[in-house]
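1. Curious how this folds, go ahead:
(chains A and B)
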Amino acid sequence: AQSVTQLDSQVPVFEEAPVELRCNYSSSVSVYLFWYVQYPNQGLQLLLKYLSGSTLVKGINGFEAEFNKSQTSFHLRKPSVHISDTAEYFCAVRKGTGGGNKLTFGTGTQLKVEL
Amino acid sequence: NAGVTQTPKFQVLKTGQSMTLQCAQDMNHEYMSWYRQDPGMGLRLIHYSVGAGITDQGEVPNGYNVSRSTTEDFPLRLLSAAPSQTSVYFCATRPGQMNTEAFFGQGTRLTVV
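-> The predicted model follows:
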């Protein structure tokens, strides 16, 4: 079974500082990888996705993530955060073959941007 | 284009009561799913459907029923609510291709007392 680990439950950072949110997954087959953002009292919104090809994926709001197959990681980065980036971020994985509709989520990382 | 619409947004139930959480989509997506979100546990899959007339269990199906009579609607039924079902529930949809992302509704916050 696939699983997703987000080691950091909370990440505090000052505005305009860089940030990295870590995500590791376990799967023996090819996967599709996603990062979602959830603002307070909202649903989940897609930030970016890795399907195939280039390992560096760029998303909305200046975020990017790098797929590292050997380390089974898909860390999310932003070079300079803004106060409006305060939200919860979820990493998710779906098997490339089989597995039906099953999207497995990590437990989330709360990013708090401070002035 | 409303996307994925969940109703109600908030609900308080007494233990043992039943209710149905509604999910409707206007994107003609084949796949629909229900997740529950609990603090520190991320989102866990309750039930999903790969098309009208087809449903299957996810990770945490106990206490919940679903049906999919049309492409547009995927209601989630709680037959006898328990305090352990206090959670935020999200409906998600996506097209049939595997390499597509899921689209989420705004959620239903359910409290069982």
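2. Which residue ranges of the chain form strands?
-> Chain wasn't specified; assuming chain A. A:3-5, A:10-14, A:19-21, A:24-26, A:31-38, A:44-50, A:56-58, A:64-68, A:73-78, A:87-95, A:104-105, A:109-114 (DSSP state E).
3. Chain B is the one I meant
-> Taking DSSP E, the strands of chain B run over residues B:4-7, B:10-13, B:19-25, B:31-38, B:42-51, B:54-57, B:64-66, B:76-78, B:87-94, B:103-104, B:108-112.
4. What residues are bridge-paired with the one residue sitting closest to the centre of chain B?
-> For chain B, B:Trp34 is the residue whose C-alpha lies nearest the centre (Cα atoms, centre = their mean; 2.9 Å). Judged by DSSP bridges, the bridge partners of B:Trp34 are B:His47, B:Cys91.
5. burial of A:Ser30, as a residue count?
-> A:Ser30 sits with 11 neighbouring residues when counted by other Cβ atoms under 10 Å in any protein chain shown. In this view, the C-beta of every residue, glycine as well, is placed from N, C-alpha and C.
6. Where does pLDDT dip in the chain?
-> In the absence of a named chain, this looks at chain A. Within chain A, the ranges that satisfy pLDDT under 70 run A:1, A:28, A:96-101.
7. Sorry, I should have been clearer: chain B.
-> Applying pLDDT under 70 to chain B flags residues B:1.
8. Would you mind naming what in it lies close to chain A?
-> Proximity of chain B to chain A, by Cβ under 8 Å from any Cβ of the partner chain, involves residues B:4, B:31, B:33, B:35, B:40-45, B:48-50, B:56, B:58, B:90, B:92, B:94, B:98-99, B:101-107.
9. Just the buried ones among the residues you listed, please.
-> Buried residues within the residues of chain B next to chain A, defined by neighbour count using 16 or more other Cβ atoms under 10 Å in any protein chain shown: B:4, B:31, B:33, B:35, B:42-45, B:48-50, B:58, B:90, B:92, B:94, B:98, B:101-107.
10. From the centre of chain B, point out the most distant residue.
-> Of all residues in chain B, B:Asn99 sits farthest from the chain's C-alpha centroid, using Cα atoms, centre = their mean; the distance is 21.4 Å.
11. what's the neighbour count on the spatially closest residue to that one that is not a sequence neighbour?
-> Among residues not flanking B:Asn99 along the chain, A:Leu51 sits closest, at 4.6 Å (Cβ to Cβ, 6 or more residues apart in numbering or on different chains). Other residues within reach of A:Leu51, judged by other Cβ under 10 Å, total 17.
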